Structures are given as structure tokens and as C-alpha cells.
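Engineer: Fold the following and give me the result.
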Amino acid sequence: MLQTFITFSPLQSDGGEPLAAFPDPPPPARAGLDALAAADADLARIEAEAGPLPWRRRAPGFPGLLQAIVSQQISNQAATAIWRRLLAIAGTLEPERLLALPDETLRLAGLSRPKIGHARALAQAFADGRLSEAALAGMADAEAVAAITAVRGLGVWSAEIYLLFALGRDDVFPAGDLALAAAAAHLKGVASRPGPAALRGLAEPWRPWRGLAARLLWHHWRHVTGRPSMDDRPPA
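Structural biologist: As a prediction, the model looks like this:
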């Protein structure tokens with residue numbers, strides 16, 4: 001299913017609330033970004049127009065995948081609100097403790113009935129050892145995607161977002177992401193948004209830095225739309 005992950009990094013939210021400060025890309029990523037800029041003039045102009053790329057990261061292991069579940073199929077603003085309410089509940093980032101919480105507690109935080117089931121399935125996978133932070137970190141990209149998508153409620157998009165932002169895999173490209181497709185169409189000046197297959201084809205010249213190209217495209221789309229990401233607002 002197509003998903004949307006949009007990035008944004010102003011100094012303040014629209015309510016005047018300070019947003020998260022993001023570090024610069026690490027040196028290996030900076031080298032990759034420079035290589036992309038040298039190879040593709042359109043990618044090269046993104047940081048010149050939108051400012052330096054903020055280096056977003058998510059927690060590895062259970063919290064990062066739980067955050068992916070929260071962000072599925074809803075706006076980034078709604079995902080931010082739900083995530084902050086979950087973080088305010090003791091134990092939600094620990095699989096065994098989340099499993100012990102009543103459904104009503106998770107529902108009041110904003111999770112739908114299906115997402116409660118998906119969160120519990122993820123927690124059970126970590127609790128019984130089918131998934132672990134260390135094991136996922138040691139897997140190749142395709143193997144990690146297969147392991148994650150074996151859990152109910154986690155599809156390829158969620159797995160790829162985890163690999164990109166929690167594991168720092170710089171060649172993972174979530175071609176099913178609507179914002180990436182829209183950003184690519186806008187950047188390249190084409191009339192229609194490319195589908196996943198066409199977007200993968202467009203990204204081929206960006207190997208082995210397709211994940212970095214995705215980060216640039218999200219940064220570009222944030223710049224032209226002004227839409228926030230759930231990663232921009234730190235927990236209260």
C-alpha cells in the first residue's frame with residue numbers, strides 16, 4: 001500500500017513551539033550526498049534551495065517499528081499527537097509492558113483497533129525473540145524487510161522506513177511512498193506522479209545512495225509544501 005512520509009524542519013512549529021534540532025549528516029552520508037549532487041543537477045539544487053539536509057533518525061528496535069505503525073495511513077500531524085500520547089504512558093516502549101496494557105489505554109492514546117492489534121503483534125514478536133534490535137541490525141536489507149513484514153500490520157513501506165531511519169541503510173528507497181513520488185515529479189518537472197515501478201527506475205542512477213536521495217526528496221517536498229513530519233516535534 002502506498003504510504004506518505006514527509007519531512008519538515010523549521011525552527012518553530014506553527015504554534016510557536018520549538019521543534020527538534022537535527023544533527024548534520026555523518027561524514028560518510030555527506031560524501032554520498034556530494035556524490036549525488038555531482039551526478040544529478042536536480043538533486044544538487046535541493047539543499048541550495050531548501051537549506052541543509054536535517055539528519056533524521058529513529059530509535060532502533062521495538063520503539064522504531066512501533067513508531068512506523070503509528071504513522072501508517074494518517075497525517076503526520078495526527079501521528080505526532082498519537083505518538084506523544086503513547087510516550088506519556090509508562091511502558092509503551094517495552095514489549096512486555098505494552099502487552100500488559102489494556103486495549104482501552106492504547107485506544108485513548110489514539111490507536112485504532114487494527115493498530116492496537118498490530119502493536120501487540122509487534123510486541124509479541126520482540127517478546128518471544130522472533131525480532132530483536134541486534135538481529136535486524138545484522139541482516140542484509142532484503143532479509144530484514146522479510147523479517148519485519150512477517151509481523152502482522154508491518155508492510156514493506158514500514159520496513160523500509162525502519163531500515164532507512166533506524167538502521168541508517170543509505171541505499172534503501174521506499175518507492176511506494178507518495179511524498180517521494182510527488183517530490184520526484186515536482187523536482188524533475190513531469191506532469192504526473194510516477195508509480196512505484198517508475199520511481200524505482202528513476203532512482204536506479206542514484207545507487208548506492210538511493211536512501212540519501214530519498215532523504216533529499218522528502219526535504220525538497222517539505223520545502224515546497226510546508227508540511228511537517230512527525231519527527232519534527234519532540235515528545236512533551
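
Engineer: Can you get me a residue count around Ala68?
Structural biologist: The local packing count at Ala68 equals 27, with neighbours defined by other CB atoms under 10 Å. (Glycine included, C-beta is placed from N, CA and C.)

Engineer: Can you give me the distance of it to Ala59?
Structural biologist: Distance from Ala68 to Ala59, counting by CB to CB, to the nearest Å: 11 Å.

Engineer: One more: Asp34?
Structural biologist: When Asp34 is compared with Ala59 (using CB to CB), they lie 28 Å apart.

Engineer: do the same with Arg113
Structural biologist: When CB to CB is applied, the distance between Arg113 and Ala59 equals 25 Å.

Engineer: For the two, indicate the residue with more neighbours.
Structural biologist: Between Arg113 and Ala59, Ala59 has the larger neighbour count (other CB under 10 Å), namely 14 against 10.

Engineer: Skip the chain neighbours and tell me the closest residue to that one.
Structural biologist: Nearest in space to Ala59, with sequence neighbours left out and distances taken as CB to CB, 6 or more residues apart in numbering, is Ala166 at 6.5 Å.

Engineer: Local confidence estimate at that neighbour?
Structural biologist: According to the model's per-residue confidence, Ala166 sits at a pLDDT of 96.

Engineer: Same question for Gln72.
Structural biologist: At Gln72, the model reports a pLDDT of 89.

Engineer: in the chain, which ranges drop under the pLDDT threshold?
Structural biologist: Of all residues in the chain, those with pLDDT under 70 make up the ranges 1-21, 228-236.
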